[in-house]
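A.B. asks: with the input below, show me the fold.
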Amino acid sequence: RIRLEKRAVVPSAATESASTDPSIAGQSAAASVDATAIDPDGLDPAAPKATESGPGHAADRSSGARRRRRLARPTVSSGVSMASARVLGVVLIIVVVVTLVATLLQRPTPPPAAGATTIQPIGSAVLLCPEPGAGTDLGVRVTAALVPGQPGQEASSDPATVAGSAGLETLPGKESASSKIVVPGGQAQIEAFGTRLPAIRAFGEGSLAPGLVADQWGRDPGGQGRGMASTACAPAASEFWFVGGGAIAGRTTRIVLVNPDATAAVVDVLVHGPDGLIDAPAGRGLVIKGEDRLVVRLDVLAPGVSATAVQVLARTGRVGAAVDDEQQAGLATVGTDWIPPAAAPAQRVYLPGIVSGDGARVLSVMAPGDDDAIVKVRIISPDGTFAPVDRSSLDVPADAVVTIDMAPVLDKAPATLELTSNVPIVAGM
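C.D. replies: Modelled structure (predicted):
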């Protein structure tokens, strides 16, 4: 393309005048020959330049300068293009690296493998049965069993090959008894008919610890505690709630505390009534000796209180706790029962196991803390779930106990109560 541009140059006025003057023309021709000889292709900008003077040589020098300027442009463009290519390459590499890093950072963490979760079976279990035997007419039976098929159990039916031990045993005392469970699915039993035994401990060790359950059942045919009463043997803990019981005439409520450990435990028994927390100094700082039992009467702590909620708090150590309630009408015995432990304070509480039949069904609700509770009540029955018309809501003052008989809306049918509150509550029936 450059050679074509040289041939297409239009002669200047000086060149035209030189063509009419032979001497000038000869000089121009000589200059042209010299220029061609020095740079035949016109591609070398560093080639020597003509030094002759004259109008024709001036025109040639002007034309050569123009050619040199035109020839210099491809060299600059080539350098710029190479530099631009290098810059573009570096930018592309940076973009690729940043994109890869962002992709790796945004990639979701894979979920743990299904086989990563393992179940660790318990290696030891202890349940406390509070009071097996209290009088000559009272018959009490304590039974423990190992529910088979639990993780950690050995399937062997040969007691000699089972690594562990389980059974029932009394805490130290004047009387003692024991019974063993040898394989999963087996049972152990201690009976106390007319004999007052110490508290009983159900225990399981090693492969015979998982699946341990125990229950205390008692029957008094005609004594002060006439009737049948049953309670589950429960593990020791540092806190318990019991909603129910009272300390009025004809009613005896006892709080039974059992220490399963060798060291002493210090316990506070806090009693709440219709007017709030009751000042009962006799219930503070109770010391229970190691492997011993202590019985506290509610009428000593809060005499004359008709409805109560009892909180048991262990300052040191741990204890088992149970509450026994006996009622009389004049000289006639109404009956006896164990008040089951209440669930921990919560905003939604269920009370299952309300039996069918005649008689009162007294609901007791307590709101621990500094805020009043608004409690919504729903009944879950075989006929469906509904809110009773005239007992669908309760207002419970802070730290106080409120009671209401639900028998008129239960219609003698079995049911479960669902209580929903704006603040945590405890409840019982």
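
A.B. asks: where does pLDDT dip in the stretch 251-400 of the chain?
C.D. replies: Counting by pLDDT under 70, the ranges of the stretch 251-400 of the chain that qualify are 331.

A.B. asks: just the helices in it please.
C.D. replies: In the stretch 251-400 of the chain, helices defined by DSSP state H, counting those that start in this stretch lie at 298-301, listed in chain order.

A.B. asks: how about the strands in it?
C.D. replies: Taking DSSP state E, counting those that start in this stretch to define them, one finds strands in the stretch 251-400 of the chain at 251-259, 265-273, 276-277, 286-288, 292-297, 309-316, 320-329, 332-339, 346-354, 362-366, 373-381, 384-386, 393-396.

A.B. asks: could I get the ones you listed as JSON lines with distance to residue 242 and mean neighbour count?
C.D. replies: Where you see a C-beta, it was placed from the backbone N, CA and C, and this is true even at glycine. Shown next, in JSON lines, are these (distance: least, CB to CB, whole Å; neighbours: other CB atoms under 10 Å):
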{"stretch": "strand 251-259", "distance to residue 242": "8", "mean neighbour count": "23"}
{"stretch": "strand 265-273", "distance to residue 242": "10", "mean neighbour count": "21"}
{"stretch": "strand 276-277", "distance to residue 242": "15", "mean neighbour count": "14"}
{"stretch": "strand 286-288", "distance to residue 242": "16", "mean neighbour count": "17"}
{"stretch": "strand 292-297", "distance to residue 242": "12", "mean neighbour count": "17"}
{"stretch": "strand 309-316", "distance to residue 242": "5", "mean neighbour count": "20"}
{"stretch": "strand 320-329", "distance to residue 242": "4", "mean neighbour count": "21"}
{"stretch": "strand 332-339", "distance to residue 242": "5", "mean neighbour count": "17"}
{"stretch": "strand 346-354", "distance to residue 242": "14", "mean neighbour count": "16"}
{"stretch": "strand 362-366", "distance to residue 242": "10", "mean neighbour count": "23"}
{"stretch": "strand 373-381", "distance to residue 242": "18", "mean neighbour count": "18"}
{"stretch": "strand 384-386", "distance to residue 242": "27", "mean neighbour count": "10"}
{"stretch": "strand 393-396", "distance to residue 242": "17", "mean neighbour count": "16"}
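
A.B. asks: tell me which of those strands sits nearest to residue 231.
C.D. replies: If you check each of the strands of the stretch 251-400 of the chain against residue 231 by CB to CB, strand 332-339 wins as the nearest, at 3.7 Å.

A.B. asks: could you check the angle the closest one makes with strand 251-259?
C.D. replies: If you take axes from the mean of the first three to the mean of the last three CA atoms, to 10 degrees, strand 332-339 sits at 30 degrees to strand 251-259.

A.B. asks: the inter-axis angle of strand 332-339 versus strand 309-316?
C.D. replies: 50 degrees.

A.B. asks: which one is residue 260 nearest to, not counting chain neighbours?
C.D. replies: residue 236 (5.3 Å; CB to CB, 6 or more residues apart in numbering).

A.B. asks: can you give me the strands in the stretch 51-200 of the chain?
C.D. replies: Counting by DSSP E, counting those that start in this stretch, the strands of the stretch 51-200 of the chain are 124-129, 139-146, 164-170, 178-181, 187-193, 200-206.

A.B. asks: residue 388 is nearest to which of those?
C.D. replies: In terms of CB to CB, the element of those nearest to residue 388 is strand 124-129, at 37.3 Å.

A.B. asks: buried set for that closest one?
C.D. replies: For strand 124-129, burial by neighbour count (16 or more other CB atoms under 10 Å) applies to 125-129.

A.B. asks: picking that back up, and the strands of the stretch 51-200 of the chain: which comes nearest residue 218?
C.D. replies: strand 139-146 (4.3 Å).

A.B. asks: quick one: that closest one to strand 164-170, angle?
C.D. replies: 170 degrees.

A.B. asks: give the other helices and strands that strand 139-146 contacts.
C.D. replies: Judged by 3 or more CB pairs under 8 Å, 6 or more residues apart in numbering; DSSP states H and E, strand 139-146 is in contact with strand 164-170, strand 178-181, strand 187-193, strand 200-206, strand 212-220.

A.B. asks: I am finished for the moment; much appreciated.
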